[in-house]
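Asks: Structure of the sequence below:
(3 chains)
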Amino acid sequence: MIEKNIPAILPLIFLAAALLIPLLGVWKKAVAYPIAILTVLAAASVSVYGFIYVLLNGTIRYFFGGWAPPIGIEYVYDPLASFVALVINFIALLVLTHGYHAVNIDVKDRQVAYYSVVMLLLAGFNGMIITGDLFNLYVFIEISSLSGYALIAVGEKRAPFAAFRYLIIGTIGASFYLLGIGFLYFMSGTLNMNDLASILPYIKDSPAILVSLILIVIGLGIKMAIFPMHGWLPDSYTYAPTTSSSLIAPIGTKVGAYALLRLVLFVFGVEYFSKDLQVAELLAIFSCGGIIYGSVMAIAQKEMKRMLAYSSIAQIGYIGLGIGLANPLGFIGALLHLINHAFMKACLFLVAGNLRVKTGSSDISQMDDSFRKKYPWTMAAFTVAALSMVGIPPLAGFFSKWYLALGTIENNSWFYLAVILISSLLNAVYFFRILEKVYMRSPEKYIPVDSDIAEIRNEEVKPSMLLPAVALAVGLIVLGIFNVLLVDQIYKMMPAGL
Amino acid sequence: MFELIIGHYDYLFIVVLITIGLYGMIIKKNLVKKVIGMSIFQSAIILFYISSAVKSDATVPILVDELSTAEVITYINPLPHALMLTAIVVGVATVGVAFALLVLIYKRYNTLDEKELIERMK
Amino acid sequence: MDIFQTYNSIIPFYAVMISLAVVPLIILSDKSPNLREFWTIAAAVIKFILVVSLLPAALEGKEAVYSILEISPGIELALKADQFGIFFALIASGLWIFTSFYSIGYVRCNKEKKQTRYFASFAVCLSATIGIAFAANLLTFIIFYEVLTIATYPLVIHKENREAISAGRKYLLYTLSAGAVLIAAAGLTYSYTGILDFAAGGIFGGLNLSQGSITVLFMLFLAGVGVKAGIMPLHSWLPAAMAAPTPVSALLHAVAVVKSGVFGVVRVVGFVFGPEVMQSYGLNKILFVFAAATIIIASLIALKQDNLKKRLAYSTVGHLSYIVLGVALLSPAGFTGGIFHIATHATMKITLFFCAGAIYVNLHKENISELDGIGKVMPWTMAAFTIGSMGLAGIPPINGFVSKWFLGTGALQADMNIALIILLLSGLLNAGYFFPIIHRAFFREGNGLEKHKEASMMMVIPIMITAFLSVLFGLYPDMFFNFFEIALSVSNSVMKGF
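Replies: This next block holds a predicted model:
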């Protein structure tokens, strides 16, 4: 019977761990990390099992307290949700493995609180993915956001201010979302997503529904940092400690994107979202703006984490564009990019963290070709992830762009196609800038003999910090080569009418 | 035009509150004022839910023997109230986190004025 | 010969992968150069044997096919060793053997740094080139094409001086843009035809597309493959990339990279669009104009170059367009001549680059004005140089004459006298920029050369062999590998019924 309870298990074990850690932490501080990692491990295993189970046996519905919807709260664990849950729990497992040392360095003696909040964050993310209730989604958005603010604030000196800004903007976003579902509720009388999807066609002509759609798109757009609602993102990612930014950057915005995708394509329906109204088109246009803006700003950055943050804005744009295309290939592209980008960004942020641990900063100007000798595997992982971001086949990044490109062609949207292609070149500019520094001796510092470089020893980071980054890089190769296996599954997740 | 206003005073009030809240959050330079704005904004949304749930000639949704459950018209919709209880909790938590961050910021920079703060961060 | 039979065989896959498989071995034997070079040579020889083993069946009209896996729904990562593919693979893998020996001599004599990276990148390049040769469809082609781009980059910047770095940037800018454009072209093709397979005679037959859309598509393809094929105005990375070590220029910029480009042009014209579509939409005229202009302008620019490698580079640009021109003629003899020129130009140009490298390593001279009298010091090298340059000018009995003869016949067949004039003019210009070098080398007195001797045997022997091959294939075009027969047969299969 465990299968039937998987939807509830995932958020609840994280909530339980969030309570358990401070309780036991009082007795002994060292228990925080083992509890956290075991919880994530358990959640990842459950997600793997659940994903396979759902693919074989179909959607699991879980009614909280035994109250059937639309009265009770329903958790829906369908192929799409199980897939996204699998991705984020897997990434979280790798990031927390990396955290074993990274958190020691960044957070020092406040680990009990830190891990407790991390568990809350993951509870929020898992809940956002699995819930089938609009208001419950709001609650989980706020749980994840509030813990996100805290996780960012423990970073560098400037981190609290970045977190505060994020809090203000994030609250606006969440409140807009709440306002939006208010309209929906008073028009339809239900908060259950499935129920609402069946009622909406009858009331879709009401302007209140349009207002709610716009409010929800803006609200979730802020959460996923769609341009021009991205203002909170660069500072937050830059000043947060490594583990926080490696958790929030790859997972947080993705879960926001997932929520948006779930609501506009599954609840409002493709027809309403793209054909009756031009909201889809607007989302696509703003996403394109984000792609170009993020890429250009990333080129201008001198600090690696900040560069990655701007790059995230651009990459989120791809997902937004895929949703906005509202056709099957766009959907595949968006979903594939959701997982690919989670892998790439997690890998890149872990590398940035490793460099910070070793050299004290991740300034691009300080990089030189001694890095390649000192941290060969870290840099190799970085290279793979960077090439994947540029979209070099057969790495994963190529294929999400390929499907997105096919999607734009299907819609005859040449402008979007051009944006996708140009942005991959812009990606190349800011990643090769680093690769050039790391793998080549700069001509200014030219030293005729090889002696100095021969003396540089391998100072690679500890295995617990290295292996997650390398595993993610290997994952990118595997995801790329075997992308069809995933795409075949994504076909099963498509909303009706796409 | 007037039918939009007459009988909708509560919604107009909420719109005004939301505007004040957003104004405070975006325009005000003092971080505490931003938090106040945020609080007003959230309260406005709570009021929106509550006022939408109001029905005339209806009673509180407590099951009493005199009224049959079939006559839903005689009860106020209880769900928005329940939802708003949660929203209030969320709001309190948000304000709490916001103040915690402000304390931290003040300790580090000795100011809560945004302009001043950006100046001192350089 | 109309119907090609196919049979399943894993040999093409092995032929692609063998050099990729030795990359880890090359990297691991970083400390012992002899072992490292052994892996390179072993992979080169095995690869060549594998390709040759596919030849007999191909000559009987049987094509080895191997599908690796599905890479995008409905599109497989598949290899097909058709005659044209084998033709190109034979040239690339055969010349890799000579280049490997020559490289070993070159990098050791020149005490190059980072030799391991050099040999590893080289091996990846060869894998990608054979992959391009055997690609059964456009997506497979693009994947290997992009891998080739990235693998060549470390070779272009190998010297790590300012010139090399700016050349590397230029190279990436051109080739990555080309890759992006090619992806767009492939996506469009897929949306028009629903398939991406290469098929002799094209896959656009029977589709009624507007003149505008097919012209745009063709221009996209042309820009995509034209960058590597050095078609003006997309050529300027090629002379810049001469900053690379000479063996790199030799193999990659005379054989692998640029030939992948023209190979792509032939694939696009003959196997994607097909002669009928080319003719009816007037696309061959576009191609012809670009090719003709490139031949003349490149030859004129070559005249002005004093740097030997730069002059060779512009000569390459010109000669690549011979191939494109032959294809654009859309006549059987022109097509045959174009394809055969891929082989003849490869043997001749590699000889010339080897000579330039030998001169550089031995005398540290790069400029033509410094070459007075070196014929007496390096008689064997300069004799080979004379053979190569005479061949490129089209003087019998060297193989350049054969391909030029067929190109000329093709021009007459297609009733394009202007093509004939261009070929003759370019022959004169070739003579104009090569003969002064020979004149300087043999008929002028040099000074300060007394101490020097012929270059190392490791370099001279490959030079002599490639020069010998040039003569041999001029006298007996079908010697050993039936190059000419294959070229004829490919041409017939593409042109059938046209």
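Asks: which residues of the chain fall in strands?
Replies: I went with chain A, as the question did not name one. Assigned by DSSP state E, the strands in chain A fall at A:60-63, A:74-77.
Asks: Correction: the question concerned chain C.
Replies: Under DSSP E, chain C gives strands at C:5-8, C:62-72, C:75-81.
Asks: The longest one: partners in the sheet, and parallel or antiparallel?
Replies: When pairs are called by DSSP bridges, strand C:62-72 turns out to pair with strand C:5-8 (parallel), strand C:75-81 (antiparallel).
Asks: for the longest helix belonging to chain B, packing partners?
Replies: Counting by DSSP state H, the longest helix found in chain B is helix B:79-109. Contact partners of helix B:79-109 among helices and strands, from 3 or more Cβ pairs under 8 Å, 6 or more residues apart in numbering or on different chains; DSSP states H and E: helix A:134-153, helix A:159-188, helix B:31-53, helix B:114-121. Quick note: C-beta positions are derived from backbone N, CA and C, even for glycine.
Asks: mind running it again at 7 Å?
Replies: Under the contact criterion of 3 or more Cβ pairs under 7 Å, 6 or more residues apart in numbering or on different chains; DSSP states H and E, helix B:79-109 touches helix A:134-153, helix A:159-188, helix B:31-53.
Asks: Any part of the second one near chain B?
Replies: This means helix A:159-188. Yes: contact of helix A:159-188 with chain B (Cβ under 7 Å from any Cβ of the partner chain) involves A:160-161, A:163-164, A:167-168, A:171-172, A:175, A:178-179, A:182, A:186.
Asks: a markdown table for those, including distance to chain C and neighbour count?
Replies: Output for the residues of helix A:159-188 next to chain B, formatted as a markdown table (distance: Cβ to the nearest Cβ, whole Å; neighbours: other Cβ atoms under 10 Å in any protein chain shown):
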| residue | distance to chain C | neighbour count |
| --- | --- | --- |
| A:Pro160 | 40 | 26 |
| A:Phe161 | 38 | 23 |
| A:Ala163 | 38 | 31 |
| A:Phe164 | 40 | 27 |
| A:Leu167 | 39 | 28 |
| A:Ile168 | 39 | 23 |
| A:Thr171 | 40 | 30 |
| A:Ile172 | 37 | 22 |
| A:Ser175 | 41 | 29 |
| A:Leu178 | 39 | 27 |
| A:Leu179 | 40 | 23 |
| A:Gly182 | 41 | 24 |
| A:Phe186 | 43 | 16 |
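Asks: Make JSON lines out of these and add pLDDT and distance to C:Met242.
Replies: What follows is the residues of helix A:159-188 next to chain B, written out as JSON lines (pLDDT from 0 to 100; distance: Cβ to Cβ, whole Å):
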{"residue": "A:Pro160", "pLDDT": "90", "distance to C:Met242": "55"}
{"residue": "A:Phe161", "pLDDT": "90", "distance to C:Met242": "52"}
{"residue": "A:Ala163", "pLDDT": "92", "distance to C:Met242": "53"}
{"residue": "A:Phe164", "pLDDT": "92", "distance to C:Met242": "56"}
{"residue": "A:Leu167", "pLDDT": "93", "distance to C:Met242": "56"}
{"residue": "A:Ile168", "pLDDT": "92", "distance to C:Met242": "56"}
{"residue": "A:Thr171", "pLDDT": "93", "distance to C:Met242": "59"}
{"residue": "A:Ile172", "pLDDT": "92", "distance to C:Met242": "57"}
{"residue": "A:Ser175", "pLDDT": "93", "distance to C:Met242": "61"}
{"residue": "A:Leu178", "pLDDT": "93", "distance to C:Met242": "63"}
{"residue": "A:Leu179", "pLDDT": "93", "distance to C:Met242": "64"}
{"residue": "A:Gly182", "pLDDT": "91", "distance to C:Met242": "67"}
{"residue": "A:Phe186", "pLDDT": "88", "distance to C:Met242": "72"}
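Asks: Just give the nearest non-adjacent residue to the residue in the stretch 151-300 of chain C that chain A sits nearest to, would you?
Replies: In the stretch 151-300 of chain C, the residue that lies nearest chain A is C:Ala180 (3.9 Å; Cβ to the nearest Cβ). Of all residues not flanking C:Ala180 in the chain, A:Leu421 sits nearest, at 3.9 Å (Cβ to Cβ, 6 or more residues apart in numbering or on different chains).
Asks: Now do the one you found against A:Ile409, distance only.
Replies: 12 Å (Cβ to Cβ, to the nearest Å).
Asks: Quick check: residues of chain B near chain A?
Replies: By Cβ under 7 Å from any Cβ, the part of chain B that sits against chain A consists of B:25, B:31, B:34, B:38, B:41-42, B:45, B:48-49, B:52, B:83, B:86-87, B:90, B:93-94, B:97-98, B:101-102, B:104-105, B:108, B:117, B:121.
Asks: Out of these, which end up buried?
Replies: Buried subset of the residues of chain B next to chain A (neighbour count, 16 or more other Cβ atoms under 10 Å in any protein chain shown): B:25, B:31, B:34, B:38, B:41-42, B:45, B:48-49, B:52, B:83, B:87, B:90, B:94, B:97-98, B:101-102, B:104-105, B:108, B:117.
Asks: Tell me which residue is most central in chain B.
Replies: In chain B, the centroid-proximal residue (Cα atoms, centre = their mean) is B:Ser43; its distance is 1.6 Å.
Asks: in the stretch 301-450 of chain A, which segments are predicted with low confidence?
Replies: A:441-450 (pLDDT under 70).
Asks: and it, which residues reach chain C?
Replies: A:387, A:392-394, A:399, A:402, A:405-406, A:409-410, A:417, A:421, A:424-425, A:428, A:432, A:436, A:440-441, A:443, A:450.
Asks: For A:Ser311, give its distance to A:Ala386.
Replies: A:Ser311 sits 10 Å away from A:Ala386, going by Cβ to Cβ.
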